[in-house]
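*Asks:* structure for the following, please:
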Amino acid sequence: MGLFPGTANVPGYRWLSRAGYDGNGSRWTRPGVASYSGREALSFDADLPDRPTLFDFFGSKRNVINMLTKGCDPEDNLTRRVKPIVYTVGHYLHQWHLADIVAARGLLRAVKEGPEFIACAFNGVDGGSHARDSRAPKVIESYRTVDRAIAQARQVLRQQGRDAETLWVVGSDHGHSSTHTHIDVPRKLDELGFPCLYYPRLWRQDAHCAEMVSGNGMTQVYFRNGTDWRARTPWDEIDARGLPKALLAVDGIDLVAGRTWDGRVKLRTSRGEGTVCWREGACSYSFRGEDPLGCGAFTGFDAEAVLQLTFDGPYPDACLQLEQLFRAERSGDLLISAGSGFDLRARWEFPEHHSTHGALVPAQMHVPVVISHPISTNCFRTADVFPTVLGLMGKEPADGIDGVVRT
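*Replies:* I've put the predicted structure just below:
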């Protein structure tokens, strides 16, 4: 869609909506919260804004295994019936190679049918990494499955005389890094005097905060403000309660961030505190103590300059990514990012995760994107893929997106 998660109002695969959550409902139903690891995944398309996806720009299309199907007619969603089974088997039985097989066969079928656009997701790398390690033999085999599937698809295209005119884009939505220690954030919040609502303990009636973890490397904390959850709690108040300091004292919690009452982003590590301020498309960054982002103070940088400055740093693109996340109505008041080797979910995670994504560290932020048409830069955001594909295909992207065309 060419949108950042904050713009799309889907700031993670678990979230709480201040407008939709009221704490009422049955033990099993809590309106206004979602976990796409559960049944709410069926509502993912409905949670997205009324904006076009790549499917909407092409007259004929096919979808294979993707979670996002918005804009794709059911008859063009080749794996709509088998996908829930494949996901369940992969998650609970560690058999993600079955998802890769289904994806490979679906891709080959789609190529033979010859639509204008095909979107195909291979889930084995992510699922296998979580269950074992990002470099485990089964994960490497998942990469090989992707390689073979592309080779077979290109062979069909060559036979059809369509290989030279086909644009390929192969990429990932996040990185991965090995995990050795799990941090129980809800328990820590309980100990600090903030009874915490979290998955799967959604029926808790005395909660003063809610914790929604994604990828296990990042979690968002929402604070009840008075009798309900509708009003945001600014960084100024959270800091006055001593929470950032207490959380950063936990080994493995690397960075915490929140938004001030006037819209700036405050971030803090054990080394120092930084302030990010965006005004009319220009970013300024300052800090106290040691520079927590390691990029140096600056003023008046646009989004491209911010990316180039921080891409190879310890927190790639953090100045923009933190700001965009807090745009969402469904984003938390406090964001917590784990350090390398740690994640933020100790209980209720089955299977136990041995590799993590979601944190602001380079191994989880950097992703490969391979495009079969040359472009002039090696450094861009994944949101840029959407308008770049449309541009290369001679189509005009809609206004109001976050991505920019790369040529």
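*Asks:* all contacts plus neighbour counts: C-alpha atoms, from now on.
*Replies:* Noted.
*Asks:* can you give me the neighbour number for the closest residue to residue 351 other than its chain neighbours?
*Replies:* The shortest distance from residue 351 to any non-neighbouring residue, by CA to CA, 6 or more residues apart in numbering, is to residue 131 (6.3 Å). Neighbouring residues of residue 131 were enumerated by other CA atoms under 10 Å; the total is 24.
*Asks:* on the pLDDT front, check residue 131 for me.
*Replies:* Note on residue 131: pLDDT of 90.
*Asks:* show me where the stretch 151-300 of the chain has helices.
*Replies:* Ranges of helices in the stretch 151-300 of the chain, per DSSP state H, counting those that start in this stretch, are 185-191, 235-240, 243-248.
*Asks:* could you point out which of those sits nearest residue 402?
*Replies:* helix 235-240 (25.6 Å; CA to CA).
*Asks:* by mean pLDDT, flag the weakest helix or strand of this protein.
*Replies:* Least confident helix or strand of the chain, by mean pLDDT, DSSP states H and E, is helix 83-93 with a mean of 85.
*Asks:* which positions within that one qualify as buried?
*Replies:* The neighbour-count check on helix 83-93 (16 or more other CA atoms under 10 Å) flags 83, 86, 87, 88, 89, 90, 91 as buried.
*Asks:* give me the nearest residue to the first one, chain neighbours excluded.
*Replies:* Taking CA to CA, 6+ apart as the measure, residue 83 lies nearest to residue 65, with 5.9 Å between them; neighbours along the chain are not counted.
*Asks:* so that neighbour sits right up against residue 79, yeah?
*Replies:* Yes - taking contacts as CA atoms under 8 Å, residue 65 lies within contact range of residue 79: 5.7 Å.
*Asks:* so which of these two has more stuff around it?
*Replies:* Set side by side, residue 65 and residue 79 show more neighbours around residue 65, with 27 against 19, by other CA under 10 Å.
*Asks:* check contacts around the more buried one.
*Replies:* Listed by CA atoms under 8 Å, 6 or more residues apart in numbering, the contact set of residue 65 reads 78, 79, 80, 83, 102, 103, 120, 121, 122.
*Asks:* and the residue nearest to residue 351, its phi and psi?
*Replies:* For residue 131, the backbone dihedrals (degrees, to the nearest 10) come out as phi -70, psi -30.
*Asks:* my guess is it meets residue 349, correct?
*Replies:* No - with contact defined as CA under 8 Å, residue 131 and residue 349 do not form a contacting pair (10.7 Å).
*Asks:* outline the domain layout of the chain.
*Replies:* The record's domain split for the chain, according to automatic domain parsing, is 5-176+366-392, 178-362.
*Asks:* by mean pLDDT, show me the worst of those.
*Replies:* Among those, domain 5-176+366-392 scores lowest, at a mean of 92.
*Asks:* show me how far that domain is from its chain's centre.
*Replies:* 12 Å (CA atoms, centre = their mean, to the nearest Å).
*Asks:* and stretch 400-407, by the same measure?
*Replies:* Here the centre of stretch 400-407 is set off from its chain's centre by 18 Å, with CA atoms, centre = their mean.
*Asks:* which of the domains of the chain sits most buried?
*Replies:* Stretch with highest mean neighbour count among the domains of the chain: domain 178-362 (a mean of 19; mean count of other CA atoms under 10 Å).
*Asks:* please tell me I have it right and residue 270 contacts residue 253.
*Replies:* No - at 9.2 Å, residue 270 does not count as touching residue 253 under the criterion of CA under 8 Å.
*Asks:* my guess is residue 347 contacts residue 187. True?
*Replies:* No - in terms of CA under 8 Å, residue 347 does not count as a neighbour of residue 187; the distance is 9.6 Å.
*Asks:* residue 168 is nearest to which of the helices of the stretch 151-300 of the chain?
*Replies:* Set against residue 168 and scored by CA to CA, the helices of the stretch 151-300 of the chain come closest in helix 185-191, at 40.9 Å.
*Asks:* contact partners of the closest one?
*Replies:* Outside helix 185-191, the residues that touch it by CA under 8 Å, 6+ apart are 195, 196, 197, 198, 211, 344, 345.
*Asks:* so which of those belong to strands?
*Replies:* Judged by DSSP state E, those include 196, 197, 198, 211 as members of strands.
*Asks:* export these as CSV, with columns for distance to residue 374.
*Replies:* Shown next, in CSV, are those (distance: CA to CA, whole Å):
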residue, distance to residue 374
196, 49
197, 48
198, 45
211, 43
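*Asks:* quick one: neighbours of the residue nearest to residue 57 when sequence neighbours are not counted, just the number.
*Replies:* The shortest distance from residue 57 to any non-neighbouring residue, by CA to CA, 6+ apart, is to residue 395 (7.7 Å). When neighbours are counted by other CA under 10 Å, residue 395 registers 13.
*Asks:* okay, stretch 100-107 in PDB with CA atoms only?
*Replies:* Extracted in PDB, the C-alpha atoms of stretch 100-107 (Å, rounded to 0.1, in the frame of the first residue of the first chain):
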ATOM      1  CA  ASP A 100       6.700 -23.100   1.400                       C
ATOM      2  CA  ILE A 101       5.500 -26.000  -0.800                       C
ATOM      3  CA  VAL A 102       2.000 -24.500  -1.100                       C
ATOM      4  CA  ALA A 103       3.500 -21.100  -2.000                       C
ATOM      5  CA  ALA A 104       5.800 -22.600  -4.600                       C
ATOM      6  CA  ARG A 105       3.000 -24.600  -6.200                       C
ATOM      7  CA  GLY A 106       0.700 -21.600  -6.100                       C
ATOM      8  CA  LEU A 107       3.300 -19.400  -7.700                       C
END
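*Asks:* what does that stretch contact?
*Replies:* Stretch 100-107 is contacted by residues 64-65, 78-79, 118, 120-124, 142, 145-146, 149, 153 when judged by CA under 8 Å, 6+ apart.
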